[in-house]
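Engineer: Take a look and give me a structure for this.
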Amino acid sequence: MSEPVTSMGRRIRISALLIFLGLTIEAISFLWSSPLAFFLFAIGGGGLTVLGIGFFLLSLVRPDVAKL
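Structural biologist: All right, here's what the predicted structure looks like:
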């Protein structure tokens with residue numbers, strides 16, 4: 001049997017999903033040759049990637065509620 005996912009594990013999975021979505025948007029913007037592709041790359045992909053990294057770092061610092 002598998003163990004239940006803790007709140008820290010859930011937060012890490014959410015941050016991984018945000019980073020994956022950001023990198024996917026950045027990869028799609030490379031295929032698009034338009035000035036708007038840069039904005040999609042910088043704001044959409046970069047924003048989601050930075051948000052995912054920040055969420056990951058916060059999940060490492062914040063204590064796990066289930067253990068308290």
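Engineer: Please state the offset of the helix or strand of the chain with the lowest mean pLDDT from the chain centre?
Structural biologist: Across the helices and strands of the chain, mean confidence by mean pLDDT, DSSP states H and E is lowest for helix 35-39: a mean of 90. Between the centre of helix 35-39 and the centre of its chain there are 21 Å (CA atoms, centre = their mean, to the nearest Å).
Engineer: residues in contact with it?
Structural biologist: Outside helix 35-39, the residues that touch it by CB atoms under 8 Å, 6 or more residues apart in numbering are 29, 30. For every residue, glycine as well, the C-beta is placed using N, CA and C.
Engineer: Against which helices or strands is the following helix or strand past that helix packed?
Structural biologist: Sequence order places helix 46-61 as the next helix or strand after helix 35-39, per DSSP states H and E. The helices and strands touching helix 46-61, judged by 3 or more CB pairs under 8 Å, 6 or more residues apart in numbering; DSSP states H and E, are helix 7-31.
Engineer: Contacts for the helix it packs on next, please.
Structural biologist: Contacts for helix 7-31 (CB under 8 Å, 6+ apart): 5, 37-38, 40-41, 44-53, 55-56, 58-59, 62, 64-66.
Engineer: which of the residues in that helix are buried?
Structural biologist: By neighbour count on 16 or more other CB atoms under 10 Å, the buried set for helix 7-31 is 8, 11, 12, 15, 18, 19, 21, 22, 25, 26, 29.
Engineer: again with stretch 37-48
Structural biologist: By neighbour count on 16+ other CB under 10 Å, the buried set for stretch 37-48 is 40, 41, 44, 45, 48.
Engineer: Nearest spatial neighbour of the second one, chain-adjacent residues omitted?
Structural biologist: Looking back up the chat, that one is residue 41. Nearest-residue entry for residue 41: residue 29, 4.1 Å, with adjacent residues in sequence omitted and distances by CB to CB, 6 or more residues apart in numbering.
Engineer: Check the last one too.
Structural biologist: Taking CB to CB, 6+ apart, and ignoring the residues beside it in sequence, residue 48 has residue 22 as its nearest neighbour in space, at 3.2 Å.
Engineer: What distance do you get for that neighbour to residue 6?
Structural biologist: From residue 22 across to residue 6, the span is 24 Å (CB to CB, to the nearest Å).
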